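>>> have a look; sequence and predicted model below, questions after that.
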Amino acid sequence: MNRSHLRTLIPAFALIAMASLGSAAARADDAPPPSSAPGTDTPKGHHHDAAWRACKKQADDQNIAAGDARHEFMKSCLKSAKDAPPAAS
């Protein structure tokens, strides 16, 4: 090849390389949301547990401060909720 062909081909290869990098970046932007996004079918955490919410409300209503006393109250409340028969619907 002579120099004139190289002068023409080098910018063409550069354009092709930049176009392929640009399309790769565009594909990366279209990534799906992480699996921990809201709306999953399996809720996790205490705030989804009805017994925990009820015990927390009782602790809040009784103004039990955070610490050992609240921990023991929540522990005994949850244990009694677990041992109680389910409510009839």
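Perfect, I can see it now. Numbering: from 1, shown residues only.

>>> just checking, next helix/strand downstream of the lowest-mean-pLDDT helix or strand in the chain?
Lowest by mean pLDDT, DSSP states H and E among the helices and strands of the chain is helix 3-29, with a mean of 69. Toward the C-terminal end, the helix or strand that comes next after helix 3-29 (DSSP states H and E) is helix 50-61.

>>> which strands or helices does that next one pack on?
Counting contacts by 3 or more CB pairs under 8 Å, 6 or more residues apart in numbering; DSSP states H and E, helix 50-61 packs against helix 68-83. (Each C-beta comes from the backbone N, C-alpha and C, glycine too.)

>>> which parts of the helix it packs on are buried?
By neighbour count on 16 or more other CB atoms under 10 Å, the buried set for helix 68-83 is 70, 73, 74, 77, 78.

>>> and for stretch 48-61?
With the criterion 16+ other CB under 10 Å, stretch 48-61 contains buried residues 52, 55, 56, 59.

>>> now it: average pLDDT?
When pLDDT is averaged along stretch 48-61, the result is 91.

>>> residues touching it, excluding its own?
46, 47, 70, 73, 74, 77, 78, 81, 82 (CB atoms under 8 Å, 6 or more residues apart in numbering).

>>> CSV for the residues you listed, including distance to residue 4?
Converted to CSV, the contacts of stretch 48-61 look like this (distance: CB to CB, whole Å):
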residue, distance to residue 4
46, 73
47, 71
70, 82
73, 86
74, 82
77, 86
78, 82
81, 85
82, 84
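
>>> return the member of those residues nearest to residue 18.
Distance to residue 18, by CB to CB, is smallest for residue 47 among the contacts of stretch 48-61, at 48.6 Å.
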